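1. no sequence on this one, just coordinates:
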């Protein structure tokens, strides 16, 4: 049984039923929407592995829907195949410029459609595997700094271009050096892995956790304002209180920043969160003194 879920978007009931039957015949999980607005709403709340998208629809046409999907899902993350009766130069060019991965004629044989889908699903899986290998911190399983800077750059550019918002949390574990010095690096490694494991359970699927180096971490929260970000931080702080590593209760200092503050570039945004984090750390040390 294939695990891939495919979203078909088409206002033509006959085409929708035909393609649903083709995909289900080879055990794909299929979800269907009859309008672009319905599809965008579904994608905001549910993951899929590929989208089959009709070009000509009332309201939002396929090009507009594709552009909106690309605000959240990069080209190499979610394949979008246009279903069309036209493959003239203008239509194809416009489709690829809007973020399409491929085109399939509605009159194409079922085997052609399935072959195109199979190619793009395999490519997407391969790209995910490569990203996991090259962009993951070996010790903790969090994403690494390289991926953090790439992801922050992408979210920042998307925010400037489309007006979407996002927030980031920068946090620093307390007491890692003391644990390493008094109990050895194996205990310190356990502390790092525990904080990542606990945090991941609380984060949404769209949130991303990164190890920036040593005992510093960052969380990127797409489509999240400052209020939602502070809710996330409070949940993380509460959860890590339950962790005890070699008789030490886990805690961290943090700083947050939101794209709504209109930073001139991503470095300024990251610096703002970093400054806030160290101010938080300073206050925590002052309270202990």
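-> Alright, I've got the coordinates. This is a predicted model, so every value here is computed, not measured. Numbering: from 1, shown residues only.
2. which residues are in contact with the longest helix along the chain?
-> Within the chain, and with DSSP state H defining each element, the longest helix by residue count is helix 110-134. For helix 110-134, contacts defined as CB atoms under 8 Å, 6 or more residues apart in numbering pick out 4, 6, 19, 22-23, 26, 28, 49-50, 52, 76-79, 81, 101-102, 104, 146-147. Backbone N, C-alpha and C define where each C-beta goes, glycine included.
3. again, 10 Å this time
-> 2, 4, 6, 18-19, 21-23, 25-26, 28, 49-50, 52, 74-81, 83, 101-106, 108-109, 141, 143-144, 146-147, 150 (CB atoms under 10 Å, 6 or more residues apart in numbering).
4. Of those residues, grab the buried ones for PyMOL.
-> Listed next is the PyMOL selection for buried residues among the contacts of helix 110-134, using 16 or more other CB atoms under 10 Å:
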select buried, resi 4+6+18+19+22+23+28+49+50+52+78+79+80+81+83+101+103+104+106+143+144+147
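5. related to what we said a few turns ago, quick one: the longest helix of the chain to chain centroid distance?
-> Chain-centre distance of helix 110-134: 18 Å, with CA atoms, centre = their mean, to the nearest Å.
6. for the record, mean pLDDT for it?
-> What helix 110-134 shows for mean pLDDT is 90.
7. before we move on, what about stretch 190-210?
-> For stretch 190-210, the mean confidence score works out to 92.
8. Now do the buried residues in the longest helix of the chain.
-> 113-114, 116-117, 120-121, 124.
9. how far away is the residue nearest to the spatial centre of the chain from residue 44?
-> With distances taken as CA atoms, centre = their mean, the residue of the chain nearest its centroid is residue 206 (4.2 Å). As judged by CB to CB, to the nearest Å, residue 206 and residue 44 stand 9 Å apart.
10. low pLDDT regions in the stretch 151-289 of the chain?
-> For the stretch 151-289 of the chain, the stretches flagged by pLDDT under 70 are 285, 287-289.
11. now the helices for the stretch 1-150 of the chain?
-> 13-24, 36-45, 62-70, 89-97, 110-134, 145-162 (DSSP state H, counting those that start in this stretch).
12. Include distance to residue 173 when you put those into JSON lines, please.
-> Below are those laid out as JSON lines (distance: least, CB to CB, whole Å):
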{"stretch": "helix 13-24", "distance to residue 173": "46"}
{"stretch": "helix 36-45", "distance to residue 173": "33"}
{"stretch": "helix 62-70", "distance to residue 173": "36"}
{"stretch": "helix 89-97", "distance to residue 173": "45"}
{"stretch": "helix 110-134", "distance to residue 173": "24"}
{"stretch": "helix 145-162", "distance to residue 173": "16"}
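13. looking at these, which is closest to residue 282?
-> helix 145-162 (24.0 Å; CB to CB).
14. Report the distance from the closest one to the chain centre.
-> Distance, centroid of helix 145-162 to centroid of chain: 11 Å (CA atoms, centre = their mean).
15. what helices or strands is that helix leaning on?
-> Packing contacts for helix 145-162, counted by 3 or more CB pairs under 10 Å, 6 or more residues apart in numbering; DSSP states H and E, involve helix 62-70, helix 110-134, strand 166-173, strand 208-213, strand 216-222, helix 266-288.
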